[in-house]
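Trainee: the sequence isn't on hand, but the structure is:
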């Protein structure tokens with residue numbers, strides 16, 4: 001889907017939202033938990049298990065974490081958010097402090113060496129790839145040094161507790177693999193969650209924008225309807241005054257001016273509100289009218305748009321009245337825009353109804369969707385189809401966001417959206433039919449979009465005030 005650079009939704013999803021993600025308070029709480037765990041472990045190892053450890057140096061390392069926490073709590077407010085660089089340096093401090101503790105307590109002979117995975121995993125979920133790579137490489141370097149250089153663990157009897165070399169190598173390999181695997185896994189999951197969250201937020205912005213436009217149209221139409229009578233009265237009275245004041249040119253000119261301005265007010269309201277009807281009329285419209293309204297902004301972009309609306313066998317011939325939902329209009333508009341972007345000369349917008357369903361099918365005469373991406377269409381930031389036509393459309397910047405917005409909005413209205421190709425993509429051009437490109441089919445249950453029979457055939461009722 002073509003998204004212009006001026007679209008605020010695109011600015012939202014393009015920005016590096018990983019910056020300033022992490023609150024300082026979060027890292028401080030985690031560090032307090034680490035301090036508590038390290039203190040308990042050192043005390044139990046020394047006083048209950050009888051291991052000889054350098055208590056002074058161990059508590060010095062733990063005290064460094066305590067002091068850094070106290071300083072951070074004193075200088076910065078609780079809601080302080082860290083930049084990517086500051087968060088990386090904070091995690092690097094934790095990594096170094098943990099490595100120093102492990103150096104004092106047996107290196108990789110200490111089973112708690114596994115905790116060195118924690119800072120790198122946190123970085124993978126919250127920081128940029130660059131910061132995560134730096135922390136990951138430093139973590140691998142530190143455990144490699146710990147495997148070779150460390151203060152041995154010594155029992156109370158003087159026995160040195162050492163694992164066989166093959167276990168040390170295996171433990172080292174497991175931690176290295178864990179750093180790579182867990183970081184990649186955590187980053188992949190977090191990135192997909194973030195992309196979906198940002199795309200949903202952009203969808204909400206698009207829907208809110210469409211809702212505002214719809215509400216504005218209703219307000220203008222209601223104003224035109226309500227002001228029609230007083231304007232007509234002003235025009236009638238001013239005309240009569242102008243005729244009666246023919247003997248007084250100055251007053252007659254003022255009366256004609258009033259009539260002219262009343263006509264101008266009528267024309268302005270008519271130009272602002274296309275329908276010129278009250279809000280009850282604007283809530284619903286025939287299927288064809290809603291579809292044409294959605295496609296209208298892309299009807300003059302050099303691609304012919306052909307419409308065809310027909311009932312199924314046994315269904316009523318008249319087009320069903322449907323609700324003019326903003327999500328339906330905006331979703332169909334995005335699908336038409338996508339078809340126009342990739343069509344060669346024309347697109348077909350077909351509507352059908354019957355068997356309790358309402359259907360819209362949009363087909364273009366382009367090259368169709370790539371076969372390997374059909375199952376992923378509708379996911380955000382899927383841009384391969386856009387890249388295939390980047391040379392022909394230098395201003396086109398497709399991220400799959402438009403299709404995602406369209407699919408999300410239409411499914412919100414109760415529709416089921418399907419993507420497929422009209423013909424075999426492996427056929428040569430001479431063997432393809434005219435409708436040979438991509439096809440998007442949207443199907444609603446009648447009760448989700450169509451008006452109930454009593455509302456579709458009965459009177460509209462009295463015009464109601466518009467809630468703003």
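Mentor: Received the coordinates, thanks. This one's a predicted model, so the numbers in the text were calculated from it and none came from an experiment. Numbers count the residues shown, from 1 in each chain.

Trainee: tell me where the protein has strands.
Mentor: 153-154, 160-161, 284-286, 304-311, 321-323, 346-354, 357-364, 416-421, 438-445 (DSSP state E).

Trainee: wait, which of these is closest to residue 42?
Mentor: strand 153-154 (12.3 Å; CB to CB). For the C-beta atoms, the positions are set from N, CA and C on the backbone; glycine is no exception.

Trainee: what's the mean pLDDT across the closest one?
Mentor: On average, the pLDDT along strand 153-154 is 85.

Trainee: so what touches that strand?
Mentor: Strand 153-154 is contacted from outside by 51-53, 105-106, 109-110, 160-162, using CB atoms under 8 Å, 6 or more residues apart in numbering.

Trainee: just flag the most distant two among those residues.
Mentor: Among the contacts of strand 153-154, the pair separated by the greatest distance (CB to CB) is 53 and 162, at 15.3 Å.

Trainee: out of these two, which sits in the busier spot?
Mentor: More crowded of residue 53 and residue 162, by other CB atoms under 10 Å: residue 53, with 19 against 13.

Trainee: show the contacting residues for the more buried one.
Mentor: Under the criterion of CB under 8 Å, 6+ apart, the neighbours of residue 53 are 42, 45-46, 104-105, 153.

Trainee: so how far is residue 257 from it?
Mentor: Distance of residue 53 to residue 257, given as CB to CB, to the nearest Å: 99 Å.

Trainee: now residue 47
Mentor: Using CB to CB, one gets 101 Å for the distance from residue 47 to residue 257.

Trainee: reformat the strands of the chain as TSV; add distance to residue 332.
Mentor: Formatted as TSV, those follow (distance: least, CB to CB, whole Å):
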stretch	distance to residue 332
strand 153-154	69
strand 160-161	71
strand 284-286	13
strand 304-311	12
strand 321-323	11
strand 346-354	9
strand 357-364	7
strand 416-421	11
strand 438-445	7
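
Trainee: save these as TSV, and put in mean neighbour count too.
Mentor: Rendered in TSV, the data for the strands of the chain read as follows (neighbours: other CB atoms under 10 Å):
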stretch	mean neighbour count
strand 153-154	18
strand 160-161	12
strand 284-286	18
strand 304-311	14
strand 321-323	21
strand 346-354	21
strand 357-364	22
strand 416-421	16
strand 438-445	21
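
Trainee: out of these, flag the one nearest residue 402.
Mentor: Among the strands of the chain, the nearest to residue 402 by CB to CB is strand 438-445 (11.7 Å).

Trainee: what pairs with that closest one, parallel or antiparallel?
Mentor: With DSSP bridges as the test, strand 438-445 is paired with strand 357-364 (antiparallel), strand 416-421 (antiparallel).

Trainee: as a markdown table, those strands with distance to residue 135 and mean pLDDT would be great.
Mentor: Shown next, in a markdown table, are the strands paired with strand 438-445 (distance: least, CB to CB, whole Å; pLDDT from 0 to 100):
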| stretch | distance to residue 135 | mean pLDDT |
| --- | --- | --- |
| strand 357-364 | 48 | 92 |
| strand 416-421 | 40 | 89 |
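
Trainee: between those strands, which one is nearest to residue 339?
Mentor: In this view, the strands paired with strand 438-445 are compared for proximity to residue 339 by CB to CB, and strand 357-364 is the closest at 4.2 Å.

Trainee: low-confidence ranges in the chain?
Mentor: Across the chain, the ranges flagged by pLDDT under 70 are 1-21, 78, 194-226, 228, 269-282, 379-401, 424-433, 453-468.
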